[in-house]
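Engineer: fold the following for me, if possible:
(2 chains)
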Amino acid sequence: DAGVTQSPTHLIKTRGQHVTLRCSPISGHKSVSWYQQVLGQGPQFIFQYYEKEERGRGNFPDRFSARQFPNYSSELNVNALLLGDSALYLCASSRGLPSSGNTIYFGEGSWLTVV
Amino acid sequence: ILNVEQSPQSLHVQEGDSTNFTCSFPSSNFYALHWYRWETAKSPEALFVMTLNGDEKKKGRISATLNTKEGYSYLYIKGSQPEDSATYLCASAAGGSQGNLIFGKGTKLSVKP
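Structural biologist: From the prediction side, this is the model:
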């Protein structure tokens, strides 16, 4: 079975632009979450979706939005990009919520550079 | 807001040494503790998920213990090998309807041949 797949793997954007990152979960997984990872820090939670409903939102501005589609894939959108949005964006999937003891599987991430 | 701390920040050992790292987390409202191994240019690899106080899990030379009452978990690596070099992350799961993980900053392990 394919693991969690993310696209694009690398991209460069200019300040003020918009970006869409995509994620396909492992087949059978209904939960998708997004994390931002910057150098020297652990991954920071952005969004959690379960069964196509938003179940949690981290401390990120409204410029960040996400959605989960009927096939459980997900998109993360960031508007009005800032230099500080440069980071590795990780998508993770699981059968259920992490708090219930479900193993979370990560993709390889999308490296975003804002110039 | 949960605060997950890991120590040490980095660790350099010789091949064959055994080593351990610590993850501390708030013991109130505990739900689950996750350990990950993250090699450069790869995705984080799930090692263990533990939910019960006293849990002990083992995968090859790597094992982990959990103490939910005092809010800590240990990860042990027996007979470290160069391929064990990676960053080891722990994360505590938020509870309720939120399903997010709160990560520590990780322990970077380097094993010299």
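
Engineer: so the worst-scoring helix or strand of chain A on mean pLDDT, near chain B or not?
Structural biologist: Every helix and strand of chain A was ranked by mean pLDDT, DSSP states H and E. The lowest is strand A:53-57, at a mean of 90. Yes - for a cut-off given as C-beta under 8 Å from any C-beta of the partner chain, strand A:53-57 has contacts with chain B, namely A:55-56. For glycine as for every other residue, the C-beta is placed from the backbone atoms N, C-alpha and C.

Engineer: the helix or strand just after that strand: which residues count as buried?
Structural biologist: Proceeding N to C from strand A:53-57, the next assigned helix or strand is strand A:64-68, under DSSP states H and E. Of the residues in strand A:64-68, those buried by neighbour count under the rule 16 or more other C-beta atoms under 10 Å in any protein chain shown are A:64-66, A:68.

Engineer: which of the residues you listed come close to chain B?
Structural biologist: The subset of the buried residues of strand A:64-68 lying close to chain B, counting by C-beta under 8 Å from any C-beta, is empty.

Engineer: let's have those residues in CSV, adding pLDDT.
Structural biologist: Formatted as CSV, the entries for the buried residues of strand A:64-68 read as follows, by pLDDT from 0 to 100:
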residue, pLDDT
A:Phe64, 98
A:Ser65, 97
A:Ala66, 97
A:Gln68, 96
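
Engineer: how about the residues you listed in TSV, adding distance to A:His18?
Structural biologist: What follows is the buried residues of strand A:64-68, written out as TSV (distance: C-beta to C-beta, whole Å):
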residue	distance to A:His18
A:Phe64	11
A:Ser65	10
A:Ala66	14
A:Gln68	19
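
Engineer: from the residues you listed, pick the one nearest B:Glu5.
Structural biologist: Distances from B:Glu5 to the buried residues of strand A:64-68, taken as C-beta to C-beta, are shortest for A:Phe64 (26.1 Å).

Engineer: got the contact list for the closest one?
Structural biologist: Contacts for A:Phe64 were tallied using C-beta atoms under 8 Å, 6 or more residues apart in numbering or on different chains; they are A:46-47, A:76-78.

Engineer: now the buried members of those residues.
Structural biologist: Judged by 16+ other C-beta under 10 Å, buried ones among the contacts of A:Phe64: A:46-47, A:76, A:78.

Engineer: what pairs with the nearest residue to B:Ile62 once chain neighbours are set aside across the strands?
Structural biologist: Leaving aside its chain neighbours, B:Ile62 sits nearest to B:Ile77 (5.4 Å; criterion: C-beta to C-beta, 6 or more residues apart in numbering or on different chains). With DSSP bridges applied, B:Ile77 shows beta-bridge pairing to B:Thr19, B:Ile62.

Engineer: so B:Ile77 touches B:Asn20, yeah?
Structural biologist: Yes - taking C-beta atoms under 8 Å as the definition, B:Ile77 is a contact partner of B:Asn20 at 7.3 Å.

Engineer: so which of those two has more stuff around it?
Structural biologist: Ranked by neighbour count (other C-beta atoms under 10 Å in any protein chain shown), B:Ile77 and B:Asn20 place B:Ile77 first, with 22 against 14.
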